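In: Kindly return the folded structure for what I paste below:
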Amino acid sequence: MEEKIKLQKLISQSGYCSRHEAEKWIADGRVFVNGEQAHIGLRVCENDNIKINGKDLINKQNKHIYILLNKPMNTICTLKDPQNRKTIYEYMHLEEYAYSIGRLDFNTTGVIIITNDGDLANKLAHPSSEVEREYIVQLEKPLSEKDLSYLNSNFVKLNGKYSRQKVSEIGENKYSVILKEGRNHHVKNLFLLVNNYVKKLHRKSYGPITDKNLKVGAYRNLSPHEIKVLKQIAAK
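Out: Residues are numbered from 1 along each chain as shown. Predicted coordinates:
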């Protein structure tokens, strides 16, 4: 007997949209399964006839894309921006619906994985995956030994939640920050705790994927080996 999964998960895995958006469309009555209006929590099979806004859902699972972008400055990671700033999808001329795993701020550069594999994106983005990422930070002023010791301690809190990271000096006012999570403005807020300001921020790596041989603004397809490793991380 074919295994059934939640409708919103199947829609997300197809690469059509995010799970959150799928839930919204289901709640709005825009999704039908085998001719009947769907509801949240409905479990379906891949062979069921699923229509969204009157059109058949085309499963793109065998047409997944896995792209590594070394994000340029002044681009945003959302699909659309109310302020009409350029999105990374517009920058890449990407027509497929896709997710960016681990968003970066508008003025931050660095590696970001873009895929329409909704299942992989959700698993890697979840805090439990603890994917290690390294940032290169240019600060306004050098850190004192006291500041550096504090940032590397077990007592750092952001918005009431502990944050553990490894901060090391690599140049003049330049530091490496290694984290296993990525909250909103995480790195910038860390240095505000010690009254310092991030002038420039670049993500050098996300898990095993690095910016090696990839200039800022360039992008490439992930190799089969890189995809396999990411899926292994997501499966833990």
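
In: any idea which element Val216 lies in?
Out: Counting by DSSP states H and E, there is no helix or strand that carries Val216.

In: count of neighbours near it?
Out: Val216: 14 surrounding residues under other C-beta atoms under 10 Å. Backbone N, C-alpha and C define where each C-beta goes, glycine included.

In: got it, and Arg85?
Out: A count of neighbours around Arg85, defined by other C-beta under 10 Å, yields 13.

In: again, but for Gln83
Out: For Gln83, the neighbour count with other C-beta under 10 Å is 6.

In: quick one, what contacts Thr108?
Out: Contacts for Thr108 (C-beta atoms under 8 Å, 6 or more residues apart in numbering) come out as Lys71, Met73, Leu201, His202, Arg203.

In: for the first one, what are its contacts?
Out: Going by C-beta under 8 Å, 6+ apart, Lys71 touches Cys77, Ile88, Leu104, Thr108, Thr109, Gly110, Val111, Ile112, Arg203, Val216.

In: and if we set it to 6 Å?
Out: Neighbouring residues of Lys71 by C-beta atoms under 6 Å, 6 or more residues apart in numbering: Leu104, Thr109, Gly110, Ile112.

In: I'd like these as a markdown table, with neighbour count and pLDDT appended.
Out: Putting the contacts of Lys71 into a markdown table (neighbours: other C-beta atoms under 10 Å; pLDDT from 0 to 100) gives the following:
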| residue | neighbour count | pLDDT |
| --- | --- | --- |
| Leu104 | 24 | 92 |
| Thr109 | 22 | 97 |
| Gly110 | 23 | 97 |
| Ile112 | 23 | 96 |
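
In: domain assignment for this structure?
Out: The chain resolves into domains spanning 5-61, 64-128+212-234, 132-206 when parsed by automatic domain parsing.

In: Could you check how far the spatially closest residue to Asn53 that is not a sequence neighbour is from Gln13?
Out: Once flanking residues are discounted, Asn53 sits nearest to Arg30: 5.4 Å by C-beta to C-beta, 6 or more residues apart in numbering. Separation of Arg30 from Gln13 (C-beta to C-beta, to the nearest Å): 18 Å.
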